[in-house]
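> need a structure here:
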Amino acid sequence: MKKIAFFCIPAHGHTNPMLPVAAELVRRGNIVRFYSFDEFKEKIRATGAEFISCDSFLPELTKQEEINLKNVSITEMTIQDIRITLGMNDFLDKEFKSFNPDVVYTDSVCFWGKLNAWKHNVPMVVSTSTFAFNQMSSGYMKNSPKEVAGLIFGLPRVSKELKKLESYGYHVKNLFSLIQSDNNTDSVVYTSYSFQPYAESFSDHYIFVGPSVFSKVLPQKAKERPLIYISMGTVINDRPDFYGKCIAALKDLNVDVIISCGNAIDREKLGTLPDNIKVYPYVDQLDVLSKADAFITHCGMNSVSESLYMAAPMVLYPQTGEQYAVARRVTEIGAGIMLNDDSSEGIRAAIQEILNNKAYGAAAVTCSADFRVCPGTAGAAEFIENAPHSSDGIDIISELNKAGAKFQLLYWLIVIIAISLVGILVSWKYVWIIGIAAGILSTPIVRAVQKRKYARLLN
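Presented below is the predicted three-dimensional model:
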């Protein structure tokens with residue numbers, strides 16, 4: 001029996017996968033103390049874990065901060081995470097001394113969980129609610145110019161907040177050391193090895209357990225006519241315009257439609273609904289997906305995992321860089337198509353393509369079978385119980401970094417020689433052009449070199 005402390009941010013997509021793991025650890029005789037927020041209290045208590053409320057440590061937000069968080073601003077989320085960590089410092093110091101956990105199981109972006117595990121020298125396992133992202137797999141993300149600009153201009157604010165951690169005994173190199181996956185940290189990832197991009201680049205400190213769900217129900221697709229399910233998740237779901245387009249697109253098709261839109265939308269804004277379309281604030285998503293023939297989704301990892309687990313192909317409508325990475329992987333395995341045209345005509349065409357081309361459904365069935373043979377919650381629980389782990393294999397990322405450093409040195413040596421030759425033989429007036437071109441080309445060239453090195457290491 002072990003004492004295990006769970007930590008998570010106040011977000012459904014991050015909390016929900018941890019719940020079946022908590023239930024399994026309790027079933028195996030462990031004591032689980034789950035530090036979370038009141039909206040998840042009943043769900044957590046249902047697992048048998050002890051619920052510890054952290055609501056009192058949530059900082060007061062300005063209207064602009066609320067808007068930034070709702071728009072999934074990395075800068076704002078980072079700053080609020082740091083402020084919560086500082087607010088919980090004295091409380092968690094006492095908790096770690098009194099509870100004295102054997103293991104900390106913390107969400108990958110829950111700073112107060114990670115930082116206190118390091119501070120109190122307790123073995124830590126990270127709960128990874130999306131793909132594991134390192135320098136290889138992060139290439140799957142496609143951040144919008146707005147997201148990139150927000151991150152760049154927000155760095156001074158983030159750096160200022162990070163410095164405050166030092167005086168509390170939290171030693172942090174930089175933001176990326178807090179959020180990026182590395183090959184030395186024990187991590188549970190809720191997908192399969194096959195579905196994880198660049199899975200071979202992750203060490204034995206990682207276990208890919210498949211979707212973390214309570215349901216063991218098998219897909220049940222037999223019915224009179226196709227069922228279409230639509231959801232934009234629990235964060236960016238205030239989209240009456242998009243739901244309206246979906247209703248217009250599908251009202252005349254011989255299909256049934258279920259829309260789950262959360263509480264953010266005034267149901268009256270959607271007008272009078274056709275007989276074949278039903279709208280609910282929330283549904284039992286796994287149950288609906290077990291019957292669904294197509295799923296229009298924002299591509300949150302939980303939603304996509306549940307869809308594939310229930311063999312439902314998808315129309316993919318990502319809203320963030322992380323969601324784009326998930327959507328890209330779905331298209332690679334052939335279980336969905338991107339919604340590049342979000343007009344009513346585009347939505348109708350995408351649904352008809354999914355329904356008429358059985359290859360999408362077949363790919364989803366194959367992925368469902370792959371997910372169902374993963375270690376699952378039992379594997380995750382055993383991994384957590386036996387932390388910390390060791391890794392005997394080659395650290396591919398470390399090898400890539402070494403190769404990249406050597407190439408960078410050679411690359412800039414050649415650039416300096418080229419600049420000198422042009423300056424001596426032609427004119428110093430034009431050498432700045434070579435310097436700018438070399439700077440622009442260095443990143444894609446280094447990435448290409450690392451990909452070749454990666455292929456050689458795998459062989």
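> now do Ser398 against Ser194, distance only.
24 Å (C-beta to C-beta, to the nearest Å). Yep, even glycine has a C-beta here, placed from its N, CA and C like the rest.
> nope, Asp293 is what I meant
Asp293 is 24 Å from Ser194, by C-beta to C-beta.
> neighbour count for these two, which is higher?
Asp293 (22 against 13; other C-beta atoms under 10 Å).
> hmm, Ile228 and the more buried one touching each other?
Yes - using C-beta atoms under 8 Å, Asp293 is in contact with Ile228, at 7.0 Å.
> overlap in contacts of the two?
Val255 (C-beta atoms under 8 Å, 6 or more residues apart in numbering).
> isn't Pro17 up against Ser127?
Yes - look at Pro17 against Ser127 with C-beta under 8 Å: they come within range, at 6.8 Å.
> overlap of the contact sets of these two?
Tyr190.
> ok, which stretches of the protein are strands?
3-7, 31-36, 50-53, 103-107, 124-128, 186-189, 206-208, 227-231, 256-260, 277-280, 294-297, 314-316, 336-338 (DSSP state E).
> any residues touching the third one, and which ones?
What that stands for is strand 50-53. 31-38, 40-41, 44-45, 95.
> switch to 6 Å and redo it
Arg33, Phe34, Tyr35, Asp38, Lys41, Ile44, Arg45 (C-beta atoms under 6 Å, 6 or more residues apart in numbering).
> what's the closest non-adjacent residue to the first one?
Right, Arg33. Glu50 (4.7 Å; C-beta to C-beta, 6 or more residues apart in numbering).
> and the one you found, how many residues sit next to it?
17.
> gap between it and Phe6?
10 Å.
> what do you get for Thr185?
Distance from Thr185 to Phe6, by C-beta to C-beta: 17 Å.
> more neighbours, these two?
The neighbour comparison of Thr185 against Phe6 (other C-beta under 10 Å) goes to Phe6, with 31 against 18.
> is that one in a bridge, and if so with what?
Beta-bridge pairing of Phe6 under DSSP bridges involves Phe34, Tyr105.
> list the contacts of the closest residue to Gly210 other than its chain neighbours.
Counting by C-beta to C-beta, 6+ apart, Gly210 lies nearest to Cys374, which is 2.8 Å off, once chain neighbours are set aside. Going by C-beta under 6 Å, 6+ apart, Cys374 touches Ser192, Val209, Gly210.
> tell me the two of the contacts of strand 50-53 that are most distant?
The largest separation in the contacts of strand 50-53, counting by C-beta to C-beta, is between Arg33 and Asp38 at 15.9 Å.
> neighbour count: those two, which is higher?
Between Arg33 and Asp38, Arg33 has the larger neighbour count (other C-beta under 10 Å), namely 17 against 13.
> and the pLDDT for the more buried one?
At Arg33, the predicted lDDT confidence score is 98.
> again, but for the one 4 residues further on
The predicted structure scores Phe37 at 96 on the pLDDT scale.
> what about the closest residue to it other than its chain neighbours, neighbour count?
Distances taken as C-beta to C-beta, 6+ apart place Pro10 nearest to Phe37, at 4.3 Å, with adjacent residues excluded. Neighbour count of Pro10, defined by other C-beta under 10 Å: 17.
> now Pro10, what are its backbone angles?
phi -80, psi 70 (degrees, to the nearest 10).
> my guess is Val279 meets Ile259, correct?
Yes - between Val279 and Ile259 there is a contact under C-beta atoms under 6 Å: 4.6 Å.
> show me which of those two is the more surrounded one.
Ile259 (22 against 16).
> ok, the more buried one - contacts?
Taking C-beta under 6 Å, 6+ apart, we find Ile259 in contact with Ile230, Tyr243, Val279.
> one more time with 8 Å
Counting by C-beta under 8 Å, 6+ apart, Ile259 has contacts Tyr229, Ile230, Ser231, Tyr243, Cys246, Ile247, Ile277, Lys278, Val279, Tyr280.
> name the nearest of those residues relative to Asn254.
Ile277 (12.7 Å).
> mind checking pLDDT for that closest one?
93.
> for it, what are its contacts?
So Ile277 contacts Ile247, Leu250, Lys251, Asp256, Val257, Ile259 (C-beta under 8 Å, 6+ apart).
> which of those lies closest to Lys173?
Nearest member of these to Lys173, counting by C-beta to C-beta, is Ile259, at 44.7 Å.
> roughly how far does the closest one sit from Leu400?
With C-beta to C-beta as the criterion, Ile259 and Leu400 are 44 Å apart.
> likewise Leu270?
50 Å.
> those two: which is more packed in?
Taking neighbours as other C-beta under 10 Å, Leu270 and Leu400 compare with Leu400 leading, 21 against 17.
> my read: that one touches Asn134, true?
No - taking contacts as C-beta under 8 Å, Leu400 lies outside contact range of Asn134: 9.4 Å.
> which neighbours do these two share?
By C-beta under 8 Å, 6+ apart, the residues touching both Leu400 and Asn134 are Ser201.
> quick one: mean pLDDT over stretch 136-148.
Summarised as a single mean, pLDDT over stretch 136-148 is 76.
> my error: substitute stretch 198-208 in the last question.
Here the average pLDDT along stretch 198-208 is 94.
> just stretch 81-100 next, same as before
Here the average pLDDT along stretch 81-100 is 94.
> so where is this protein shaky, pLDDT-wise?
Low-confidence segments of the chain, defined by pLDDT under 70: 64-73, 143-144, 146-148, 150-151, 234-238, 264, 266.
> circling back to that earlier point, any chance of CSV for the contacts of Cys374, columns distance to Val217 and neighbour count?
Converted to CSV, the contacts of Cys374 look like this (distance: C-beta to C-beta, whole Å; neighbours: other C-beta atoms under 10 Å):
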residue, distance to Val217, neighbour count
Ser192, 19, 21
Val209, 19, 26
Gly210, 15, 24
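> looking at those, which is nearest Pro101?
Closest to Pro101, out of all of these and judged by C-beta to C-beta, is Val209, at 21.2 Å.
> wait, that closest one touches Phe371, no?
No - using C-beta under 8 Å, Val209 is not in contact with Phe371; the gap is 9.7 Å.
> which residue is the nearest non-sequential neighbour of Asn183?
Per C-beta to C-beta, 6+ apart, closest to Asn183 is Ser203, 3.9 Å.
> residue contacts, the one you found?
Asn183, Asn184, Ser391, Gly393, Asp395, Ile396.
> show me those residues that map onto helices.
Ile396 (DSSP state H).
> with respect to Phe57, which of the contacts of Ser203 is nearest?
Of all the contacts of Ser203, Asn184 has the smallest distance to Phe57: 29.1 Å, by C-beta to C-beta.
> and that closest one, how far from Asn134?
Asn184 sits 12 Å away from Asn134, going by C-beta to C-beta.
> which one of these two has more residues nearby?
Using other C-beta under 10 Å, the more surrounded residue of Asn184 and Asn134 is Asn134, with 19 against 13.
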